[in-house]
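Asks: Pasted the sequence and its predicted model underneath.
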Amino acid sequence: MSATRMLVLGVVKLVGEAHGYVVRRELKSWSADSWANVQPGSIYHALKSLAKDGLLEPVGTEESDEGPARTTYRITAAGEHELDDLLAHALADATAGNDEVSAGVAMLNLVPRKQAVVLLRNRLAGLEGQLTPTRHGIASMPEMGKPAHVSELFRLWLVHLEGQVRWTRELIDRLEAGEYELRD
């Protein structure tokens, strides 16, 4: 899964029609280059790749005094479906990477509130399911014959996991309280 694909599809959906510069400017305003490692080259590559895959369609080309001609795109029905799938994975799958989860949260306003809560509850269940084995890993480290300091990895993972559990619970609570404008 690519956070860049999700973000590019999402921005094009949000603005209706966009060329690379518009997508780049929007993502830069969100600092996506920092938290999702979205770079200008990856945006333009994603636009071309998404168009080739039939997820975006070109709707026009405009000449630019500042560089090459700009192709404007809009999302297709297949692109909408792909975006929904990417969002569902990012918000529901406990194994989704930080860049995917961050991109999913950035695009949360594209998901109906009830669906967002269901997806996040699935994520929460998966995260909570990882707590016991991670704690067990710390406790059983001496019997595993590993160097004692390796248990610090399990402690690090546990702290990250507990933080994700807490944040996911709190986000669910905020959504259920009606915070944020979502696609309802």
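Replies: That came in fine, so what should we check first?
Asks: Low-confidence bits of this protein, can you list those?
Replies: 1, 141-146 (pLDDT under 70).
Asks: Next, the buried residues of stretch 25-41.
Replies: 26-27, 30, 32, 36, 38 (16 or more other CB atoms under 10 Å). Glycine gets a C-beta too; all of them are placed from N, C-alpha and C.
Asks: Nearest to Glu62 among those?
Replies: Taking CB to CB as the measure, Glu62 lies nearest Glu26 of the buried residues of stretch 25-41, at 17.7 Å.
Asks: Spit out the contact partners of that closest one.
Replies: 11, 14-15, 18 (CB atoms under 8 Å, 6 or more residues apart in numbering).
Asks: Can you tell me the SS state at it?
Replies: Secondary structure, DSSP: H, G, I helix; E, B strand; the rest coil: Glu26 is helix.
Asks: so where's the longest helix in the protein?
Replies: helix 113-140 (DSSP state H).
Asks: quick revisit: mind putting the contacts of Glu26 into JSON lines with distance to Leu124, secondary structure and neighbour count?
Replies: Formatted as JSON lines, the contacts of Glu26 follow (distance: CB to CB, whole Å; DSSP: H, G, I helix; E, B strand; the rest coil; neighbours: other CB atoms under 10 Å):
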{"residue": "Val11", "distance to Leu124": "28", "secondary structure": "helix", "neighbour count": "22"}
{"residue": "Leu14", "distance to Leu124": "27", "secondary structure": "helix", "neighbour count": "14"}
{"residue": "Val15", "distance to Leu124": "32", "secondary structure": "helix", "neighbour count": "13"}
{"residue": "Ala18", "distance to Leu124": "34", "secondary structure": "strand", "neighbour count": "24"}
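Asks: Which of these sits closest to Asp99?
Replies: Val11 (15.6 Å).
Asks: Let me know whether that closest one touches Arg25 as I believe.
Replies: No: the criterion here is CB atoms under 8 Å, and Val11 misses it with Arg25 at 9.5 Å.
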